[in-house]
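Engineer: Show me how the following folds:
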Amino acid sequence: MGYEEVYEWVDQVPLTRVRKVFSRDFSDGCLVAEVIKHFRPQSVDLHNYRESLSAARKMENWTVLNQKVLRKLGVDIGKQEIEQLCAGSDKAAEKLLMRVKASIESGPPPPRKKKAVAEQPNKNEGRVEHRPSPPQQGRPQKGQSAKAQAPKASAAQPPRQRHQPRTPEALQEPPAAPSRRSPEPARGRGPSIE
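Structural biologist: Prediction:
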């Protein structure tokens, strides 16, 4: 399979960016994710990848793509290859896409086997577990009175007072509080009249 075949394969995919310089356009991993998403929609969540010119962000995109997608396709890339892809090295993206294309066209990858664990029959298989729902405030639980469930007032908190409806007298302004200062005689203004 040659590079021209890869270019034709990629041209089938409606990409979000116009392809100008292949190695540079594919250096952040976003377009590779789009290509894989086109052929295997459940394999890729595009929100995990952001377009970037930053080398650190490109490395992050490729690391996530490798861990979440490429390994599942049977295409595992190493740190050195990720660095070449980020740098836009000659034909690095094309080589990777050749492997991705071969993996996608060969069908679904074999399921990964987990570590061997002695399989024991599940005793609870087919049973539905019923758990009591957490108590809701204000509603007594079964067999419990409303007084028993109500939280007890602590000594530090005053008891709640019921809301009293306002009367016209209550809506009037309260009288001014008496001043604590004693009245002083006026000084320098002449004799005070008493």
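Engineer: Quick one: low-confidence residue ranges for this structure.
Structural biologist: Along the chain, segments meeting pLDDT under 70 span 1, 108-194.
Engineer: Would you mind writing the CA trace of stretch 31-51 as PDB?
Structural biologist: In PDB, the C-alpha atoms belonging to stretch 31-51 read as follows (Å, rounded to 0.1, in the frame of the first residue of the first chain):
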ATOM      1  CA  LEU A  31      -7.600  15.000  12.000                       C
ATOM      2  CA  VAL A  32      -6.500  11.400  12.700                       C
ATOM      3  CA  ALA A  33      -9.300  11.200  15.300                       C
ATOM      4  CA  GLU A  34     -11.800  12.500  12.700                       C
ATOM      5  CA  VAL A  35     -10.700   9.900  10.200                       C
ATOM      6  CA  ILE A  36     -11.100   7.100  12.700                       C
ATOM      7  CA  LYS A  37     -14.400   8.600  13.900                       C
ATOM      8  CA  HIS A  38     -15.700   8.500  10.300                       C
ATOM      9  CA  PHE A  39     -15.100   4.700   9.900                       C
ATOM     10  CA  ARG A  40     -15.700   3.700  13.600                       C
ATOM     11  CA  PRO A  41     -18.100   6.200  15.100                       C
ATOM     12  CA  GLN A  42     -18.200   4.600  18.600                       C
ATOM     13  CA  SER A  43     -14.400   4.500  18.900                       C
ATOM     14  CA  VAL A  44     -13.700   8.200  19.200                       C
ATOM     15  CA  ASP A  45     -15.000  11.100  21.200                       C
ATOM     16  CA  LEU A  46     -13.900  14.200  19.300                       C
ATOM     17  CA  HIS A  47     -14.300  16.400  22.400                       C
ATOM     18  CA  ASN A  48     -11.200  14.900  23.800                       C
ATOM     19  CA  TYR A  49      -9.000  16.500  21.200                       C
ATOM     20  CA  ARG A  50      -8.300  20.200  20.600                       C
ATOM     21  CA  GLU A  51      -6.500  21.800  17.600                       C
END
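Engineer: give me the number of residues near the nearest residue to G29 once chain neighbours are set aside?
Structural biologist: Nearest non-adjacent residue to G29, counting by Cβ to Cβ, 6 or more residues apart in numbering: N61, 3.8 Å away. (Each C-beta comes from the backbone N, C-alpha and C, glycine too.) A total of 25 residues lie near N61 under the criterion other Cβ atoms under 10 Å.
Engineer: by contact count, what packs against the helix or strand harbouring N61?
Structural biologist: In the assignment (DSSP states H and E), N61 maps to helix 55-65. Here helix 55-65 touches helix 30-39, helix 79-87, going by 3 or more Cβ pairs under 8 Å, 6 or more residues apart in numbering; DSSP states H and E.
Engineer: Of all those, which one comes closest to A56?
Structural biologist: Ranking those by distance to A56, with Cβ to Cβ as the measure, places helix 79-87 first at 9.2 Å.
Engineer: From the contact counts, what lies against that closest one?
Structural biologist: helix 55-65, helix 92-105.
Engineer: Serialize those helices to CSV and add fields for distance to N48.
Structural biologist: Below are the helices and strands packed on helix 79-87 laid out as CSV (distance: least, Cβ to Cβ, whole Å):
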stretch, distance to N48
helix 55-65, 5
helix 92-105, 17
